[in-house]
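In: Sequence unavailable; structure follows:
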């Protein structure tokens, strides 16, 4: 593949995005398509993907929807196989799927083993298995793991999630060493972005704007495009000498 004049151009590349049906994942998929990539979008709910495929194709890019539960390796293998057969070689894999499985924050001391296991399966094990599957199907390119600001420092009623995301950052560093030089592996850690998942998993008072409650230095909450644009950068030739890093995008928090 010839090197593009614009180092941010993803034309001719194929991306896979998990957890793409809503929120940050949807923003990532659209930003990748706007940068020129064809995209295989995945989420557990097929209904969430239909309009996203329509939006991507309206941008002049190819897109397929592959319903996928990322905690099931066979379904991840199916996702990779469909992306290759329908769109061609995979160049970008974004592991975005994650969150609180039951959308209920809990204190660590009040977390059952089942809830702990569910959190770690979704937010850590699935990222590892996704990377294994991606590496098996990629000759070269970029794997990007979506971490979280919660990985840095303690979090009230968010312990299992924060622990999993901190482990994702270390996992990213190890994968980067193992897969270099052909595949770069990086992470992106979003700060507070008021998606449906964020709103379900938090319980902030509504008497004033969230950016004021959280004291965001840059004065606003994040958007899915903030993460999507960073993903384009990490996937592009502009980041060709970056691997094993975690980029925090949190408005200064």
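Out: Thanks, I have the structure now. Keep in mind that this is a model prediction, so the values were computed, not measured. Numbers count the residues shown, from 1 in each chain.
In: which sections of the protein are below the confidence cut-off?
Out: Flagging of the chain using pLDDT under 70 yields the residue ranges 1-4, 195-208.
In: Tell me where it has helices.
Out: Secondary structure of the chain (DSSP state H): helices located at 23-34, 47-58, 73-87, 113-120, 126-137, 159-179, 196-201, 210-213, 224-235.
In: Dump these to CSV, plus distance to residue 186 and mean neighbour count.
Out: C-beta here means a position set from N, CA and C on the backbone, and glycine is covered the same way. As requested, the helices of the chain are arranged in CSV below (distance: least, Cβ to Cβ, whole Å; neighbours: other Cβ atoms under 10 Å):
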stretch, distance to residue 186, mean neighbour count
helix 23-34, 13, 26
helix 47-58, 23, 16
helix 73-87, 19, 17
helix 113-120, 22, 15
helix 126-137, 12, 20
helix 159-179, 6, 20
helix 196-201, 22, 15
helix 210-213, 27, 14
helix 224-235, 5, 23
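In: Which one of those lies nearest to residue 65?
Out: The closest approach between residue 65 and any of the helices of the chain, judged by Cβ to Cβ, belongs to helix 47-58 at 3.7 Å.
In: what is the orientation angle of that closest one with helix 23-34?
Out: 20 degrees (axes from the mean of the first three to the mean of the last three Cα atoms, to 10 degrees).
In: List of residues touching helix 47-58?
Out: Outside helix 47-58, the residues that touch it by Cβ atoms under 8 Å, 6 or more residues apart in numbering are 20-22, 26, 29-30, 33, 39, 41-43, 62-65, 67.
In: for those, which one is nearest residue 130?
Out: residue 42 (10.0 Å).
In: If we ignore the residues flanking it in sequence, what's nearest the closest one?
Out: Computed as Cβ to Cβ, 6 or more residues apart in numbering, the closest residue to residue 42 that is not its neighbour in sequence is residue 68, at 3.9 Å.
In: mind putting the helices of the chain in JSON lines, distance to residue 96 included?
Out: Formatted as JSON lines, the entries for the helices of the chain read as follows, by distance: least, Cβ to Cβ, whole Å:
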{"stretch": "helix 23-34", "distance to residue 96": "4"}
{"stretch": "helix 47-58", "distance to residue 96": "13"}
{"stretch": "helix 73-87", "distance to residue 96": "13"}
{"stretch": "helix 113-120", "distance to residue 96": "16"}
{"stretch": "helix 126-137", "distance to residue 96": "10"}
{"stretch": "helix 159-179", "distance to residue 96": "11"}
{"stretch": "helix 196-201", "distance to residue 96": "11"}
{"stretch": "helix 210-213", "distance to residue 96": "22"}
{"stretch": "helix 224-235", "distance to residue 96": "9"}
